[in-house]
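Colleague: 3D, please:
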Amino acid sequence: MSSNDAGSAARPSASGLRPDGAATQGVLVAAGWDDSQQVSGILKAAEGKKIKAVAASAEASFAVTEDGMLLAAGDDYLQLVSEILEATKGKKITAVSGFDTTALAVTENGTLLAAGNGAAEIMRDTEGKTVRAVSAGTGFALVVGEDGTLSAAGRGNAGQVAAILEATEGKKITVTDCGSGYCFAVAEDGTLTSSSSGTSFSGQLVKAAEGKKIRDVSVGNGVALAVTEDGTLLATGNDSSQQVSGILKAAEGKKITAVTASHNVCLAVTEDGTLLGAGADDSQVLPEILDATAGKRVTAMVRGALHFLAVAQERDQDCGPLKPRQICASLHTIGDPQDAYALVFKVGDSQQLLTSGESCKAVDTQNTQTTHAIVRCVSTAQDLATGSVYFTYNQSTGAVGIDEDKSQLPDALTCQRSDGNRFTFTWTP
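Modeller: Model prediction:
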């Protein structure tokens with residue numbers, strides 16, 4: 001991977017990565033080359049802390065803790081690390097993005113902070129603006145404003161900035177990502193646009209996405225990945241290391257929620273948080289990150305030049321031994337919601353809650369009554385969707401199930417049962 005092939009996607013809630021910080025809270029996992037202590041340094045800084053967002057540039061790593069503190073480690077060329085740490089000192093950070101020798105951070109009030117290449121110009125161009133999301137390029141930033149409009153700040157880069165702005169004119173943007181010479185953007189209606197068209201891998205991905213709603217996109221050096229609303233993986237570009245064909249094969253029959261691409265390695269996260277990877281990786285970065293996340297639920301990931309960062313949660317770490325008719329359940333969200341959500345199970349006057357961003361918990365089920373299922377926005381206490389779930393119980397095996405014929409899950413809520421009585425509920429806002 002070249003140094004120009006390290007960046008991260010942006011989200012409208014300025015949570016910084018994929019998916020939202022509140023929903024991705026967990027431990028930091030990092031693997032790969034460590035010549036500038038971009039791996040060992042960030043792991044040391046994050047020790048004992050819960051992380052909600054991550055980013056990586058060529059040889060630096062960034063993480064945001066649950067209380068909004070920015071952590072950074074790695075090569076301090078152009079004072080990238082020291083300057084962004086100084087700029088964010090004492091401020092609550094909600095998003096972070098890095099690319100090559102540029103680092104960006106968004107405060108809770110929407111102020112954009114920058115360090116490294118193009119920092120002065122980026123700060124100048126965004127002064128007084130409220131930033132909802134940001135994606136870094138080499139010396140520039142793609143900025144999603146309060147109204148969803150995409151703009152640029154800093155220095156242009158090979159015409160890709162002007163091209164993506166022209167392609168997205170009049171549209172509200174939810175996701176952006178930049179690679180070496182290319183930028184992608186996803187509109188509010190799920191339409192994918194690119195700074196390049198025609199027969200290039202970039203244009204091929206846009207064509208493959210026609211008629212589909214896209215939820216996530218990632219571009220590497222000659223490789224591009226996208227995820228549709230129903231979890232289908234799309235991939236185009238250089239396949240010299242089987243990174244494209246390999247990740248498509250690994251994702252067959254699985255629902256994908258997030259992706260990240262580099263020139264020789266492609267990663268994807270399944271609905272249950274399993275990390276998939278493909279590519280002939282001479283540097284051994286791929287096996288390292290797969291080993292580091294084995295057995296964990298990955299909720300966010302980013303690429304550096306020769307290293308990867310991820311946020312992961314221990315599976316079922318808080319459920320403990322389950323009693324009869326109990327399930328170990330968790331709630332996850334797809335995309336990047338600004339608010340946390342709760343799934344309420346209600347039987348009569350009794351109710352139990354699962355909250356996005358929290359660890360899994362034991363939930364009592366009953367097979368004699370229909371359980372009301374309610375999806376609620378935590379900050380407003382507004383009920384967004386209602387339905388029902390009918391749990392079953394096999395006394396001989398102790399297995400809890402869901403009667404699909406009798407159950408009517410709320411719209412945009414899905415459920416996946418894994419090993420034992422483990423259930424993952426996924427809400428798509």
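Colleague: stretch 259-275 spans what distance, first to last residue?
Modeller: For stretch 259-275, the first-to-last residue distance is 10 Å (C-alpha to C-alpha, to the nearest Å).
Colleague: over to stretch 355-375?
Modeller: Start to finish, the residues bounding stretch 355-375 are 10 Å apart (C-alpha to C-alpha).
Colleague: buried residues of that stretch, list them for me.
Modeller: Buried residues in stretch 355-375, counting neighbours by 16 or more other C-beta atoms under 10 Å, are found at 355-365, 371-375. In this view, the C-beta of every residue, glycine as well, is placed from N, C-alpha and C.
Colleague: how about the helices in the stretch 1-150 of the chain?
Modeller: For the stretch 1-150 of the chain, the helices defined by DSSP state H, counting those that start in this stretch cover 21-24, 40-45, 80-88, 119-125.
Colleague: make a markdown table out of the ones you listed and add mean neighbour count, distance to residue 177 and mean pLDDT.
Modeller: What follows is those, written out as a markdown table (neighbours: other C-beta atoms under 10 Å; distance: least, C-beta to C-beta, whole Å; pLDDT from 0 to 100):
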| stretch | mean neighbour count | distance to residue 177 | mean pLDDT |
| --- | --- | --- | --- |
| helix 21-24 | 28 | 17 | 43 |
| helix 40-45 | 18 | 21 | 97 |
| helix 80-88 | 20 | 20 | 97 |
| helix 119-125 | 18 | 17 | 95 |
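Colleague: of those helices, which is nearest residue 260?
Modeller: Closest to residue 260 of these is helix 21-24 (C-beta to C-beta; 13.6 Å).
Colleague: low-confidence regions, the stretch 101-250 of the chain specifically.
Modeller: The stretch 101-250 of the chain contains residues with pLDDT under 70 at 157-158, 197-198.
Colleague: quick one on the thing from earlier: check the buried residues of stretch 355-375 and tell me the two furthest apart.
Modeller: Largest separation among the buried residues of stretch 355-375 by C-beta to C-beta: 359 and 372, giving 23.7 Å.
Colleague: so what are the domain limits for the protein?
Modeller: 21-314, 326-427 (automatic domain parsing).
Colleague: what's the most buried one of the ones you listed?
Modeller: domain 21-314 (a mean of 22; mean count of other C-beta atoms under 10 Å).
Colleague: distance from that domain to the middle of the chain?
Modeller: For domain 21-314, the separation from the chain centroid amounts to 8 Å (computed by C-alpha atoms, centre = their mean, to the nearest Å).
Colleague: quick check: the gap between residue 78 and residue 102.
Modeller: Residue 78 sits at a distance of 9 Å from residue 102 (criterion: C-beta to C-beta, to the nearest Å).
Colleague: identify the contacts common to these two.
Modeller: Residues within reach of residue 78 and of residue 102 at once, by C-beta atoms under 8 Å, 6 or more residues apart in numbering, are 115-117.
Colleague: okay, those residues in a markdown table with distance to residue 345 next?
Modeller: Compiled in a markdown table, these are given as follows (distance: C-beta to C-beta, whole Å):
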| residue | distance to residue 345 |
| --- | --- |
| 115 | 46 |
| 116 | 48 |
| 117 | 50 |
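Colleague: list the contacts for the closest residue to residue 187 other than its chain neighbours?
Modeller: Once flanking residues are discounted, residue 187 sits nearest to residue 171: 4.3 Å by C-beta to C-beta, 6 or more residues apart in numbering. By C-beta under 8 Å, 6+ apart, residue 171 lies in contact with 148, 150, 185, 187-188, 191, 193.
Colleague: could you export these as TSV, including secondary structure?
Modeller: Formatted as TSV, those follow (DSSP: H, G, I helix; E, B strand; the rest coil):
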residue	secondary structure
148	coil
150	strand
185	strand
187	strand
188	coil
191	coil
193	strand
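Colleague: which pair of the residues you listed spans the longest distance?
Modeller: Based on C-beta to C-beta, the longest span within the contacts of residue 171 runs between 148 and 193 and measures 13.9 Å.
Colleague: any stretches of the stretch 251-400 of the chain with poor pLDDT?
Modeller: Applying pLDDT under 70 to the stretch 251-400 of the chain picks out residues 281-282, 315-318, 335-338, 367-368.
Colleague: one more time with 80
Modeller: 263, 280-283, 295, 314-321, 334-339, 357-359, 366-369, 395-397 (pLDDT under 80).
Colleague: which residue ranges of it form helices?
Modeller: Going by DSSP H, counting those that start in this stretch, the stretch 251-400 of the chain shows helices at 285-293.
Colleague: where do the strands sit along it?
Modeller: 256-261, 266-270, 275-278, 296-303, 307-314, 326-333, 341-347, 350-355, 361-364, 371-377, 383-389, 391-394, 399-402 (DSSP state E, counting those that start in this stretch).
Colleague: packing partners for the second one?
Modeller: Strand 266-270 sits against strand 223-228, helix 243-250, strand 256-261, strand 275-278, strand 296-303, with contacts defined as 3 or more C-beta pairs under 8 Å, 6 or more residues apart in numbering; DSSP states H and E.
Colleague: list the helices and strands the second one packs on?
Modeller: Under the contact criterion of 3+ C-beta pairs under 8 Å, 6+ apart, the helices and strands touching helix 243-250 comprise strand 223-228, strand 233-237, strand 266-270, strand 275-278.
Colleague: of all these, which one comes closest to residue 397?
Modeller: Among these, the nearest to residue 397 by C-beta to C-beta is strand 266-270 (25.7 Å).
Colleague: mind listing the strands the closest one pairs with, and their directions?
Modeller: Looking at strand 266-270 with DSSP bridges, its partner strands are strand 256-261 (antiparallel), strand 275-278 (antiparallel).
Colleague: now the longest one and helix 243-250, what's the angle there?
Modeller: Read it as strand 256-261. Relative orientation of strand 256-261 and helix 243-250, computed by axes from the mean of the first three to the mean of the last three C-alpha atoms, to 10 degrees: 160 degrees.
Colleague: what's next to strand 256-261, contact-wise?
Modeller: The contact list for strand 256-261 (C-beta under 8 Å, 6+ apart) reads 18-19, 179, 215-220, 223-227, 231-233, 235, 237, 243, 266-271, 300-303, 308, 334, 426.
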